[in-house]
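Asker: sharing a sequence plus its predicted fold:
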Amino acid sequence: MLLPHATWFANPLSSDSIHGILHNGRVCVLADLLAHEAGLDRDHTLAVCAAAAVHDCRRLNDWSDRGHGRRAAVWFLHNQNAITAVTGQQLRPALAAHAAKAISLHDIPYGDFTPAQERAYQYAPHLTDVLKAADCLDRYRLPLIRWWPNPSYLRLTVPSWLFPLAFDLVVRSEQARLDGATHEEALTHANHVLA
């Protein structure tokens with residue numbers, strides 16, 4: 001589990017928002033589960049988990065914020081030392097580049113890819129698909145049912161058992177946070193309860 005530091009966010013106030021530390025951390029947990037389900041090896045799993053943990057850290061607001069994926073990808077590539085310090089493992093440069101491509105595409109619907117984005121997708125389709133699916137699964141945090149996860153927007157088949165787990169992960173981590181837990185304590189508590 002990799003949690004972004006509050007200092008990694010473009011707007012420090014965003015670290016506690018709906019796209020903040022808990023969201024990025026849950027997406028990391030869900031990416032790990034999806035990576036294993038998809039049969040990704042250890043290095044690719046680490047890459048997609050690192051991508052998941054920072055995918056929204058350069059948001060300027062909680063609205064659509066076009067371009068936040070691209071900004072996060074640039075930040076990711078320039079801050080590998082900070083990520084390595086947290087994970088204790090360094091990504092190979094080619095794998096870091098593929099993870100950055102996935103980050104840059106995570107906020108763009110597949111159908112809206114430009115030819116250049118489609119080419120970028122071809123470099124790391126498995127990382128992009130896992131990141132998009134993990135991000136989608138964490139939509140249970142949003143207040144309207146119509147905003148909740150919709151697998152029809154994904155290219156990766158999400159196993160049915162993962163939807164209730166994602167829901168419980170949101171509820172339990174957010175409740176723990178409301179009860180006074182730190183971000184890390186809240187997510188660790190939610191993970192232990194779900195294990």
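Answerer: Here it is on my side, so go on.
Asker: show me the helices in this protein, by range?
Answerer: Remark: helices assigned in the chain by DSSP state H are 21-38, 42-54, 68-78, 80-87, 93-105, 115-123, 125-137, 162-178, 183-194.
Asker: select, out of those helices, the one closest to N150.
Answerer: N150 lies closest to helix 125-137 among those, at 7.1 Å (C-beta to C-beta). Heads up, the C-betas are built off the backbone N, CA and C, glycines and all.
Asker: for that closest one, name the packing helices and strands.
Answerer: Counting by 3 or more C-beta pairs under 8 Å, 6 or more residues apart in numbering; DSSP states H and E, the packing neighbours recorded for helix 125-137 are helix 21-38, helix 42-54, helix 93-105, helix 162-178.
Asker: which one of these lies nearest to G111?
Answerer: The nearest among these, by C-beta to C-beta, is helix 93-105 at 12.3 Å.
Asker: report the buried residues of the closest one.
Answerer: Neighbour-count burial for helix 93-105, counted by 16 or more other C-beta atoms under 10 Å, picks out L95, A96, A97, H98, A99, A100, K101, A102, I103, S104, L105.
Asker: quick one: residues contacting the second one.
Answerer: Contacts were defined as C-beta atoms under 8 Å, 6 or more residues apart in numbering; by that measure A96 touches A47, F76, L77, Q80.
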